[in-house]
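Q: From the sequence below, what's the structure:
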Amino acid sequence: MTVQRPTGPFREGDRVQLTGPKGRMHTVTLRADGELHTHHGVLFHRDLIGRPDGSVVANSSGNEYLALRPLLRDFVMSMPRGAAIVYPKDAAQILTQADIFPGATVVEAGVGSGALSLSLLRAIGPGGSLTSFERRDDFAEVATANVETFLGERPDYWRVVVGDLQEALPEAYEAGTVDRVVLDMLAPWECIDVVAEALAPGGVVLCYIATATQLSRVAEYLRGTGLFTEPESTETMVRGWHVEGLAVRPDHRMVAHTGFLITARRLAPGAIPPDVKRRAAKKPSYGDEDVELWTPGAVGDREITDKNLRKRVREAQRAAGGARLAASGETQTQRADPEGPSA
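A: So this is what the prediction gives:
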């Protein structure tokens, strides 16, 4: 099955990004009877349905809005979230550094809100396979709904497994059959052994982690196994620029540190890499209690409440329902009265 993004005129069920006065953005799912209410007036969805992508429409007060189908980066930044997302700047680097290619067999853990899953699915295409492992049912529900919302349906080359990667990965894949593994979790070193077993020789493991303490521990663990090449670590910062006539300067705000990426490649069985000359490393002086001091909660990241998460699940599932409606070409009226008007 090849999933295609919608093109052509706007139709009922489409997600549309509206940019109004002062650059304020709103994202809506089009409905025949839908309305966008702001303090600038009311914009009726019916005024958008049938118009081409990139149209400008006016609301009840005469204020104009630019209507566009969201790009992947736009959708990711505005979609309902269960867990924190992988930012587009990091997703782009993950695709490159992990060398995600069309037809690849890829494993992802955890799935979070589905942001990275969307990028991975695009990169591998229908000839590939993506399996996303997630410990929490509610996060998996949000991620699944978000993917269906953006793509219009759930790709048959993607599956979500609710469970612990250490236990589920050996059951899902035979040894040496996975091309790429992407880990986005608190303690990825706990899963490196099963990942090494699943990866094909030359395969890539990439870990997305938030803190320097985690980065150090992952790097030392990868080295300690003797099963991988020397790990490489990076972070990505993106700074926008204000360009207007001769007023050319960096933006006052930038997307700086969001996480570290660390990658390594699986060695062939029995292979011993050449020695890398480095200063003699002291025995790690940290323990589990030190890592606990640098967990997301300890450094100030807010955890979503169960009540708020249930709300996000409902939002994501409603959006996915609208996307499926648009993909089917069925209107709201037809859905309510499938037999049509009586003779």
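
Q: hey, let's count contacts and neighbours off CA atoms from now on
A: Noted.

Q: remind me, longest helix of this structure?
A: For the chain, the helix that runs over the most residues, judged by DSSP state H, is helix 306-328.

Q: what residues does that helix touch?
A: Contacts with helix 306-328, where a contact means C-alpha atoms under 8 Å, 6 or more residues apart in numbering, come from 6, 11-15, 29, 79-82, 138, 141-142, 145-153, 331.

Q: and if you look at stretch 199-211?
A: Residues external to stretch 199-211 that are found in contact with it (C-alpha under 8 Å, 6+ apart): 94, 98-99, 175-186, 188, 195, 215, 258-269, 294-296.

Q: What subset of those residues is buried?
A: Buried members of those, scored by 16 or more other C-alpha atoms under 10 Å, are 94, 98, 175-176, 178-186, 188, 195, 215, 258-267, 294-295.

Q: just checking, which of those residues belong to strands?
A: In strands, defined here by DSSP state E, the members of those are 178-183, 260-265.

Q: tell me the contacts of the closest residue to I262 other than its chain neighbours?
A: Residue nearest to I262 in three dimensions, not counting chain neighbours: S233, with 4.3 Å by C-alpha to C-alpha, 6 or more residues apart in numbering. Shown in contact with S233 (C-alpha under 8 Å, 6+ apart): 260-263.

Q: before we move on, the earlier item: so how far is the longest helix of the chain from its chain's centroid?
A: 16 Å (C-alpha atoms, centre = their mean, to the nearest Å).

Q: can you check stretch 64-74 too?
A: The mean C-alpha position of stretch 64-74 is separated from the chain mean by 18 Å, C-alpha atoms, centre = their mean.

Q: next one: stretch 158-168
A: Between the centre of stretch 158-168 and the centre of its host chain there is 17 Å, according to C-alpha atoms, centre = their mean.

Q: same question, stretch 86-97
A: When C-alpha coordinates are averaged (C-alpha atoms, centre = their mean), stretch 86-97 and its chain have centres 9 Å apart.

Q: Let me see the mean pLDDT of it.
A: Across stretch 86-97, pLDDT averages out at 96.
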